[in-house]
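A.B. asks: the sequence and its predicted three-dimensional model are supplied below.
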Amino acid sequence: MDYEVNLLFKMGIKVYKIPPMMSNEGYYLDSWKREDKVAEVNLRVIAKGDTVIVRLVNPDESLFAEAPMPQNHNQGLIKCIDSSRGYGLRLKSPDGRFMWVGISF
């Protein structure tokens, strides 16, 4: 049985629907539109066995979305080029589909 260890907790994380990445350089926080904000959530980074998981949790503690981090974290989390406060995050659904969202704090 693997236990969950909380590595990080942040409140007030903004989640954005973001356009596809236009180059291999990365995402630009300035290109995310205020009206594309989907939610404001709390972020938890947990370790479960050998896996690191980023969980986006609603203020009522219900799960909003989850992002298991691959061994090469650059395939699951991309820092914004123009800001140290924004990241592209690859979410994964229980049926294996994925999508990229923007998160900022």
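C.D. replies: Good, I have the coordinates.

A.B. asks: low-confidence ranges, the chain, go.
C.D. replies: Residues of the chain that meet the criterion pLDDT under 70 lie in 1.

A.B. asks: what are the ranges of the helices in it?
C.D. replies: In the chain, no segments count as helices under DSSP state H.

A.B. asks: and the strands in it, which stretches?
C.D. replies: 4-17, 37-48, 51-57, 63-69, 77-79, 86-92, 98-104 (DSSP state E).

A.B. asks: dump these to JSON lines, plus distance to residue 27 and mean neighbour count.
C.D. replies: The C-beta positions use only the backbone N, C-alpha and C, and glycine is treated the same way. Formatted as JSON lines, these follow (distance: least, C-beta to C-beta, whole Å; neighbours: other C-beta atoms under 10 Å):
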{"stretch": "strand 4-17", "distance to residue 27": "10", "mean neighbour count": "14"}
{"stretch": "strand 37-48", "distance to residue 27": "15", "mean neighbour count": "16"}
{"stretch": "strand 51-57", "distance to residue 27": "16", "mean neighbour count": "19"}
{"stretch": "strand 63-69", "distance to residue 27": "15", "mean neighbour count": "17"}
{"stretch": "strand 77-79", "distance to residue 27": "6", "mean neighbour count": "16"}
{"stretch": "strand 86-92", "distance to residue 27": "5", "mean neighbour count": "20"}
{"stretch": "strand 98-104", "distance to residue 27": "6", "mean neighbour count": "18"}
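
A.B. asks: would you format those as TSV with distance to residue 30 included?
C.D. replies: Output for the strands of the chain, formatted as TSV (distance: least, C-beta to C-beta, whole Å):
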stretch	distance to residue 30
strand 4-17	12
strand 37-48	14
strand 51-57	22
strand 63-69	23
strand 77-79	14
strand 86-92	9
strand 98-104	11
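
A.B. asks: those: which one's closest to residue 24?
C.D. replies: Nearest of the strands of the chain to residue 24, taken as C-beta to C-beta: strand 77-79 at 10.2 Å.

A.B. asks: what's that closest one in contact with?
C.D. replies: With contact meaning C-beta atoms under 8 Å, 6 or more residues apart in numbering, strand 77-79 is reached by 21, 26, 27, 54, 67, 69, 86, 87, 88, 89, 90.
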